[in-house]
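Visitor: Take a look and give me a structure for this.
(one chain, ligands or ions: 1)
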Amino acid sequence: MSFLKISHLRKSYGALEILKDINIEIEQGGFLVLVGPSGCGKSTLLNTIAGLEPITSGEISINGRNVANLPPSQRDIAMVFQSYALYPNMTVAGNIAFGMEIRKVPKEIREKAIKDVSEILQIGHLLDRKPSQLSGGQRQRVAMGRALVRNPQVFLFDEPLSNLDAKLRVDMRTEIKRLHQRMKTTIVYVTHDQIEAMTLATKIAVLKDGVLQQFGSPAEIYNNPANMFVADFMGSPAMNLLNGTVRKNDNGGFSVALARASGEEILLPVAPGKEAVGQHLGKPVIFGIRPEALTDIEGADRNATTVAEGDCLIEVVEPAGSDTFAVTKLGGKEVVARLRADARIQSGQVARLAFNLDKAVFFDPQSQGRIA
Ligand SMILES: Nc1ncnc2c1ncn2[C@@H]1O[C@H](COP(=O)(O)OP(=O)(O)OP(=O)(O)O)[C@@H](O)[C@H]1O
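Guide: Prediction:
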């Protein structure tokens, strides 16, 4: 049974509909990440789960109980905000225990809870400090500690790492993941950072303009994006989306032809299992390939069943330490290939690249949906 279930949820401000028929469900212990560009409605969705915003219609159930019309205090959730929202005049221990004090939890139990969470979060040495005496990462830990001591059914995180610098963000991301693995709590987490979404989530919901674009595991979303928006939004560098035309091969299979800058074409065979693209025979399609599926010949995946090679004029080479990105042009668009770090390729040179066509995806240029 799903633990958190959002059914046909709609939210409007006056005539403006912000969330349009959202349906999502996750299991107990799941880590749901809501991701999408600024203004897509992810914070609004989180706030409706928290009870901070009333919904226009639909249902939100937690552990089988419809909470949509309950106040936040009766939903058994705890929220960690981007701004941390710590009380500046209280010590760390005071901040963590404040909710328990209000609920008149006995002192020994409070002290034990503070001790337990401060061990988990490694903030035992900070308990007597005020928030102003803490670093951003330490404040973030205290905010999490305050949520943890409540032991709620669901944790809600609203962009908790966005105020931290890049290095600390990565460290805290790992820490949140470790915490989730250890505590097996159910989490809903908002971010606009697709890497955070990929690394943390058990399930990702991608939103755009208040519409759920795709809901699935990180691997499903990465490998089989539902549409061109998801394909472009998830992954860095983004998936290459190129204009192609479907052709029939002499042997009965299909290929996709991409125009080169020179005017000639490169013909890429369609891998087994992806023949649905044949329904678009003779018509334009969008050919999607991730940078790592387009490599130097030596870097090609030896286990791939369908690989094609093609000579491409390399316009720019960008060494990135662990690998090298090369930019070429195909199908009227710039294409990024991900080469091995020591690939001997230079800008201005024609280089032979390998296309792993097992990883290719096709989209209908009209509907922008994936052809499956
Ligand atoms: N009280 C309100 N009245 C009217 N419109 C609102 C209100 N609150 C939010 N909105 C609008 O709802 C849309 C979704 O906002 P929301 O804050 O949920 O987006 P978001 O995806 O979390 O964006 P960000 O990443 O920038 O925080 C935006 O277009 C916003 O302008």
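Visitor: What ranges does the stretch 201-350 of the chain have for its helices?
Guide: For the stretch 201-350 of the chain, the helices defined by DSSP state H, counting those that start in this stretch occupy 218-223, 228-233.
Visitor: what's the first one in contact with?
Guide: Think helix 218-223. When contacts are defined by CB atoms under 8 Å, 6 or more residues apart in numbering, helix 218-223 is touched by residues Ala197, Met198, Ala201, Ile204, Val206, Gln214, Val230, Met234, Gly235, Lys359, Val361. C-beta here means a position set from N, CA and C on the backbone, and glycine is covered the same way.
Visitor: any idea which residue sits dead centre in this protein?
Guide: Ala197 (2.8 Å; CA atoms, centre = their mean).
Visitor: Enumerate the positions of the host helix or strand of that residue that are buried.
Guide: When secondary structure is defined by DSSP states H and E, Ala197 falls within helix 194-200. The neighbour-count criterion (16 or more other CB atoms under 10 Å) identifies Gln194, Glu196, Ala197, Met198, Leu200 as the buried residues of helix 194-200.
Visitor: Looking at the stretch 251-372 of the chain, what residue ends up closest to the ligand?
Guide: Of all residues in the stretch 251-372 of the chain, Gln368 sits closest to the ligand, with a separation of 20.4 Å (CB to the nearest ligand atom).
Visitor: Please disregard the earlier target; I meant the stretch 51-200 of the chain.
Guide: Using CB to the nearest ligand atom, the single residue of the stretch 51-200 of the chain nearest to the ligand is His192, 4.8 Å away.
Visitor: Who are the contact partners of that residue?
Guide: His192 sits next to Val35, Gly36, Pro37, Ser38, Lys42, Glu159 when contact means CB under 8 Å, 6+ apart.
Visitor: Does the first one touch Leu207 like I think?
Guide: Yes - the pair Val35 and Leu207 qualifies as a contact (CB atoms under 8 Å) at a distance of 7.2 Å.
Visitor: so what's in contact with the two at the same time?
Guide: Lys42.
Visitor: and the chain, what are its domains?
Guide: Using automatic domain parsing, the domain ranges for the chain come out as 4-233, 241-363.
Visitor: For the first one, measure first residue to last.
Guide: Separation of the first and last residues of domain 4-233 by CA to CA, to the nearest Å is 26 Å.
Visitor: Check the shortest one too.
Guide: Distances were taken as CA to CA; on that basis the terminal residues of domain 241-363 are 9 Å apart.
Visitor: Right, I'll leave it there.
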